[in-house]
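**Student:** with the input below, show me the fold.
(2 chains)
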Amino acid sequence: MKEQDSIPTSKTQRSAKFVKTGFKVGGNYIKHYSKKLFNPELSKDELNLDNATDIYTSLSELKGSALKVAQMLSMDKNILPKAYVDQFSLSQYNAPPLSGPLIVRTFTKYFGKTPSQIFDEFNIKSTNAASIGQVHQAVLNGKKLAVKIQYPGVGDSISSDLKMVKPFAFRLLGMSQKELEVYMSEVEDRLLEETDYDLEIKRSIEFSEACKNIPNLVFPTYFPDLSSKRIITMEWLDGMHMKEFLKTNPTQEIRNQVGQALWDFYNFQQHELRAVHADPHPGNFLITPDGKLGVIDFGCIKEMPSDFYNPFFSLTSTDMLQDKAKTIVAFRELEMIRADDNASQIEFFYQVYKEMIELFAQPYMSKTFNFSEKGYFDKLYNYGERIAKMPEFKQARGVKHFIYVNRTNFGLYNMLNELGATVKTDTWKPHVNLAS
Amino acid sequence: MAKKKSLISAEELQNAYVDYVLTQGQMPKSVYVFAKENGMSEEEFYTHFGSFEGIEQSIWTDLCQKALTEVENQEIWSQYSSREKALAFFYALIELLKSKRSFVLYSLKQSGPKIGSPSVLKGVKTIFESFATGIINQGLEQGELADRKFFTSKYKDALWMQFGFILNFWAKDSSAGFEKTDEAIEKGVNVTFDLFEKSALDSILDYGKFMMNNGGMKQNMKF
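**Tutor:** Sure, this is the predicted structure:
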């Protein structure tokens, strides 16, 4: 594969990329409809696949936040047609790498030494792309290390990137600019945090320390003195990403073990730390040869303030939903029902959101839950599709925290579904007033 | 063969000169005055340099040579493609220039906006061109770059223009850690090398040539 030697960083350059993609997507539509003239049977799948490929190609050349947004879009299988999802999943790992001299340059800039002066061995070809950086393998004192290097100028270009992703997002998600604005600033904040490697290493150490007692969960050791604003050095974890792992036909027992570790990891964070690793896409995890779950990226952390945590988890884990008045109060706190809604709107949103919370909370309702159950996910996707078609939801709803909390939970459920795991769901319980 | 060993080394002389121009903002009045101030005879000065411009040229060539030595000593150097070698050189050069930024700015300003390259860069140009020729030949041999009649010999000039562009960009760069210059290097060098590489244009020219020579075929192929 030809290496990509620069990120198009200036705004005009990036715009040009998007414009190009726009043309291509337009072209795909023309291609589709001209084919359809002769073959009315033609399904939209091929068109969607063409579009997804072009958008992916464009996004992966852009790197940085655009790729991140692609990753986020790929999390919500219920929103995007299948073809988009398949292509966007590619962006979860293996984007084209940057040039060798720039890597050496980054090292000399922050450590005054080249990688080969610091490490006993350093592989200049990256093993993985990490969307705003890339990962290299290194060896020091006989220890295998993973070195994550950030592309220069990423932080600068995030805001201008998001501005350009917006029109795409509108088209893909069918939302208007005004609705998306609320969430874009939240996304921007998280993305900017993700470019802060000093913060990431601090959090990685804190979180792996806090979660160290969870069974079957492993974290790499971090090396703060070999890390900097643009570089993070950690122990190399041997293991497979989920897709490869599943190809090895693991036993149900191992699947459950990995799934349980994943479940415990998330619920421990939500309820004990009130801050959660908000990037549960398969690229951030490895499954070790002994069936443990390795967590390798703490770039994106979503903190849950009490004014979100309390109403949200009271809804999901108490019998509050049985009490309509209390439920509506909680919905108001979470801005799912707004002050200017009229009586019929209140009733409508009450019904729709009640169904959503019930669906979301279903795994918590019994002691164990089988995530391989297709029926449950069909219900989730159907719900998502119905919502997407409702004109009432053409407007944005819910506090901004939902964007990352939903992403986290759907990501978690999706991964458990792919694993086909059955997990004990009562391991870490929410701390809300259970007496209602 | 000097009877009296020079008390001052060439490097010390360079440093004294840099100190002088940066504190005074101009060249010393004469070699005599400068030599006297540094406790040596005019003759001694001339054993090292022929003129003040000679000193400036030598500072530049030293920087350039040092950058080259530095990258060539990197373990990875032999694995680099010619494109990567060019990138690595520019990164190393810009890093070295940082330590002498004030002098570099002074020197570029003194030589003024001339057509072509400033005379202080004369020595640098020689070194750089031999480096550029080396990596271009490597690229041609390994098939990384396209060998084009008439144009191949101009590749090194294009790289020298790139040199001037990067230097000027850096001189005006005010971003933290000169990160913008890093980007300018990455982009500029890539554009230049993209042009050197085999591209659709070569195929079109080749095809055109073929059609010219075999134009008669067109009639024969009709049935």
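**Student:** near chain A, which residues of chain B?
**Tutor:** Contacts of chain B with chain A, taken as C-beta under 8 Å from any C-beta of the partner chain, map to B:74-76, B:79-80, B:83-84, B:87-88, B:91, B:95, B:177, B:179, B:182-183, B:186-187, B:190. Every residue, glycine included, has its C-beta placed from N, CA and C.
**Student:** what secondary structure does the residue of the stretch 201-350 of chain A found nearest chain B sit in?
**Tutor:** Closest residue of the stretch 201-350 of chain A to chain B, C-beta to the nearest C-beta: residue A:229 (9.6 Å). Three-state secondary structure (criterion: DSSP: H, G, I helix; E, B strand; the rest coil) places residue A:229 in coil.
**Student:** for it, report the pLDDT, please.
**Tutor:** At residue A:229, the pLDDT value in this model is 88.
**Student:** out of the residues of chain B next to chain A, which are buried?
**Tutor:** By neighbour count, with 16 or more other C-beta atoms under 10 Å in any protein chain shown, these hold B:74, B:76, B:80, B:83-84, B:87-88, B:91, B:95, B:182-183, B:186-187, B:190 as buried.
**Student:** the residues you listed in helices, which ones?
**Tutor:** Using DSSP state H, B:83, B:84, B:87, B:88, B:91, B:95, B:182, B:183, B:186, B:187, B:190 are the members of these that sit in helices.
**Student:** could I get those as JSON lines with distance to residue A:222?
**Tutor:** Shown next, in JSON lines, are those (distance: C-beta to C-beta, whole Å):
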{"residue": "B:83", "distance to residue A:222": "34"}
{"residue": "B:84", "distance to residue A:222": "30"}
{"residue": "B:87", "distance to residue A:222": "30"}
{"residue": "B:88", "distance to residue A:222": "29"}
{"residue": "B:91", "distance to residue A:222": "28"}
{"residue": "B:95", "distance to residue A:222": "28"}
{"residue": "B:182", "distance to residue A:222": "26"}
{"residue": "B:183", "distance to residue A:222": "29"}
{"residue": "B:186", "distance to residue A:222": "29"}
{"residue": "B:187", "distance to residue A:222": "33"}
{"residue": "B:190", "distance to residue A:222": "33"}
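**Student:** low pLDDT regions in chain B?
**Tutor:** Under the criterion pLDDT under 70, the flagged ranges of chain B are B:1-7, B:112-116, B:215-223.
**Student:** if I look at residue A:109, how far off is residue A:152?
**Tutor:** Remark: distance between residue A:109 and residue A:152 (C-beta to C-beta, to the nearest Å) = 9 Å.
**Student:** ok, now residue A:268?
**Tutor:** For residue A:268, the distance to residue A:152 equals 36 Å [C-beta to C-beta].
**Student:** what about the two, which has more around it?
**Tutor:** Higher neighbour count among residue A:268 and residue A:152: residue A:152, with 22 against 18, using other C-beta atoms under 10 Å in any protein chain shown.
**Student:** next structured bit after the helix or strand that contains residue A:416?
**Tutor:** Assessed by DSSP states H and E, residue A:416 sits inside helix A:401-419. The C-terminal neighbour of helix A:401-419 among helices and strands, as given by DSSP H and E, is strand A:422-424.
**Student:** right, and the helix or strand after the lowest-mean-pLDDT helix or strand in chain A?
**Tutor:** Of all the helices and strands that make up chain A, the one with the lowest confidence by mean pLDDT, DSSP states H and E is helix A:82-90; it has a mean of 41. Toward the C-terminus, helix A:82-90 is succeeded by helix A:100-111 as the next helix or strand (DSSP H and E).
**Student:** if you look at that following helix, does any of it touch chain B?
**Tutor:** Yes. When contact is scored as C-beta under 8 Å from any C-beta, part of helix A:100-111 falls within range of chain B: A:100, A:101, A:102, A:104, A:105, A:108, A:109.
**Student:** for residue B:22, see how far away residue B:100 is.
**Tutor:** Distance of residue B:100 to residue B:22, given as C-beta to C-beta: 10 Å.
**Student:** in terms of neighbours, single out the busier of the two.
**Tutor:** Neighbours per residue, other C-beta under 10 Å: of residue B:100 and residue B:22, the larger number sits with residue B:100, 17 against 13.
**Student:** for the more buried one, which non-adjacent residue is spatially closest?
**Tutor:** Beyond its immediate neighbours in the sequence, the residue positioned closest to residue B:100 (C-beta to C-beta, 6 or more residues apart in numbering or on different chains) is residue B:63, lying 6.7 Å away.
**Student:** residue boundaries of the helices in chain B?
**Tutor:** For chain B, the helices defined by DSSP H occupy B:10-24, B:31-37, B:42-48, B:52-72, B:82-98, B:101-111, B:122-141, B:155-172, B:179-196, B:200-213, B:217-221.
**Student:** for the first one, name the packing helices and strands.
**Tutor:** Using 3 or more C-beta pairs under 8 Å, 6 or more residues apart in numbering or on different chains; DSSP states H and E, the elements in contact with helix B:10-24 are helix B:31-37, helix B:42-48, helix B:52-72, helix B:101-111.
**Student:** put together CSV for these, with mean neighbour count on each row.
**Tutor:** Output for those, formatted as CSV (neighbours: other C-beta atoms under 10 Å in any protein chain shown):
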stretch, mean neighbour count
helix B:31-37, 15
helix B:42-48, 16
helix B:52-72, 19
helix B:101-111, 16
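**Student:** want to throw the ones you listed into a markdown table with distance to residue A:127?
**Tutor:** As requested, the helices and strands packed on helix B:10-24 are exported to a markdown table (distance: least, C-beta to C-beta, whole Å):
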| stretch | distance to residue A:127 |
| --- | --- |
| helix B:31-37 | 57 |
| helix B:42-48 | 51 |
| helix B:52-72 | 25 |
| helix B:101-111 | 37 |
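**Student:** for the stretch 251-400 of chain A, what are the low-confidence residue spans?
**Tutor:** Using pLDDT under 70 as the threshold, the predicted model of the stretch 251-400 of chain A has low-confidence ranges A:388-389, A:393-396.
**Student:** before we move on, the earlier item: need the overlap of contacts for residue A:109 and residue A:152.
**Tutor:** Among the neighbours of residue A:109, those also in contact with residue A:152 (C-beta atoms under 8 Å, 6 or more residues apart in numbering or on different chains) are residue A:230.
**Student:** hang on, the earlier thing: and the gap between the residue of the stretch 201-350 of chain A closest to chain B and residue B:182?
**Tutor:** Residue A:229 sits at a distance of 14 Å from residue B:182 (criterion: C-beta to C-beta).
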